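>>> one predicted model, sequence on top.
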Amino acid sequence: MKKIALLGLLFLSQLSFSQKAQNFESKITFQKTNPEGCLNFYYGPFPEETFTPECRGREEQIFTASRYNTYSNVNVSAGVAYTFITYSEYNSVKKAFITISNEEGTEVYASGTDRITWTSTKDEVVRFYVHPDNQCGDSDESVKKYILCGAVPPEPTYGCDQSYNGPFWVACSVSGEAGYLTADDFFVPKDSEAFKLNSLKFLLVPLAGTEDFLKYKIEIRKDNNNSPGDVIIAYDNPDVEVIQNTEEIMGFPTYWANVTIPNNGLELPVNQQENTRYWVTIQVWSKSNNNIGILNFHRINGWLTSPTFQSLDDRATWITTTWQEDPGLESIWSFDADCSLMAVDDANADKITFYPNPVKHILNISSTKSIKEVNILSYTGQKLMTIKDVKNNQINISSLTSGNYLVNIKLESGSIKTFKIQKK
């Protein structure tokens, strides 16, 4: 039963989420609530079951569609801010009118147009009414009702290492057997001295319920007007370390796939004028010929990153994982990169190179001039390590805790260079 349910979830992400967003921008303005409201109804509650939102920072649909002049019962908790949202199915109703009342339908708590936010003062059941206008009229057309509550995922930081993460609730298929794969964008920061992609990490769910990964295909692509462009390089079955995640989805285990970029990483050009958008695709084959999906979370409108794209025909076409009233899905993934591979003192032509970055234990440093002293500092300037004799051009920093540090290098020529590293 669980397998069937998750298959439906995967197919929902492939089909319902595949239509391009329309008219979403016009519906994101919060309306001021007023004490007047419409408590009349043609039918209610609809659906008959009381809806309990999960409050995970995404828009949750109460039912696929509802009639105007009806209400739905919703469980709310004290102190929680709820945003009640409507999307009209047809153009004849330009602005739907929302009323929130007590369970008996005798007291108006809040009202407004299309999208209102209200905070409950107690645990209770409220009525979520929708009318075609504030005159409490009627219409036989359909309307969709959503509720948003909980912490909204923060926008990713588009720095050297990037992480796209949020509360997952759906999966997009990346099954190689079916010709399915997804594409997610990322950015090469404009302030990087250089950029080398070292590793990738994806959160996957196999419907076999076990570690069911046979092989992988990863592509790095150019950008084509905020969509996947031409392939720069493809990696067939690269080295992947699989680690089971602590969280499940609908009873199915999830797994982190940690991909190491072959040949010591991939260097991508840096545009000093603006961040450069690239795309990464993932496709996975199953040992048991079962479906495999990448987990997604509900992205937020206005983010710089584009929504996840999906191909259902093995790269012939791409579709966005959005629908009319949805800003799209974002795959749960991350990457590690080196952004400061080289430092040059132009005045003395003193060249310093170092790797890897991020670094776990040993930092390799080389210079065209002799190194006199190396200091490791915290971001606040506290000196943590001093090395006066750099043996074999290596520094052991395993004693440092994970975090970001400054490396200050003094050369015999008198030049001083400081660069940033990340300790894993």
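Great, that's in hand.
>>> and Ser399, helix, strand or coil?
Look at Ser399: counting by DSSP: H, G, I helix; E, B strand; the rest coil, its state is coil.
>>> which residue sits closest to it, ignoring its sequence neighbours?
Once flanking residues are discounted, Ser399 sits nearest to Met385: 7.8 Å by Cβ to Cβ, 6 or more residues apart in numbering. Quick note: C-beta positions are derived from backbone N, CA and C, even for glycine.
>>> burial measure for that neighbour, as a count.
Met385 has 15 neighbouring residues, counting by other Cβ atoms under 10 Å.
>>> swap in Ile365?
A total of 18 residues lie near Ile365 under the criterion other Cβ under 10 Å.
>>> rewinding a little: against which helices or strands is the helix or strand harbouring the residue nearest to Ser399 packed?
Assigned by DSSP states H and E, Met385 belongs to strand 383-387. Under the contact criterion of 3 or more Cβ pairs under 8 Å, 6 or more residues apart in numbering; DSSP states H and E, strand 383-387 touches strand 371-377.
>>> and the strand it packs on, average pLDDT?
The average pLDDT within strand 371-377 is 87.
>>> and the contacts of it?
Contacting residues not belonging to strand 371-377 are listed as 365, 383-388, 390, 395, 397, 400, 405-412 [Cβ atoms under 8 Å, 6 or more residues apart in numbering].
>>> same check, this time on stretch 247-263
With Cβ under 8 Å, 6+ apart, stretch 247-263 has contacts from 2, 5-6, 9, 168-169, 171, 197-207, 209-211, 213, 216, 218, 235, 238-245, 284, 295.
>>> for that stretch, measure first residue to last.
End-to-end distance for stretch 247-263: 33 Å, by Cα to Cα, to the nearest Å.
>>> now do that stretch: distance to the chain's middle.
Put simply, stretch 247-263 sits 15 Å off its chain's centre (Cα atoms, centre = their mean, to the nearest Å).
>>> re the thing from before, pull out the buried members of the contacts of stretch 247-263.
Burial by neighbour count, 16 or more other Cβ atoms under 10 Å: within these this picks out 6, 9, 168-169, 171, 197-207, 209, 213, 216, 218, 235, 238, 240, 245, 284, 295.
>>> now, which of those lie within strands?
Counting by DSSP state E, the part of those found in strands is 168-169, 171, 197-206, 213, 216, 218, 235, 240, 245, 284, 295.
>>> is it true that Pro253 lies in a strand?
Yes - counting by three-state DSSP, Pro253 is found in a strand.
>>> so what's it bridging to?
Beta bridges link Pro253 to Glu248, judged by DSSP bridges.
>>> and Ile421, by the same measure?
As for beta bridges, Ile421 partners with Tyr405 under DSSP bridges.
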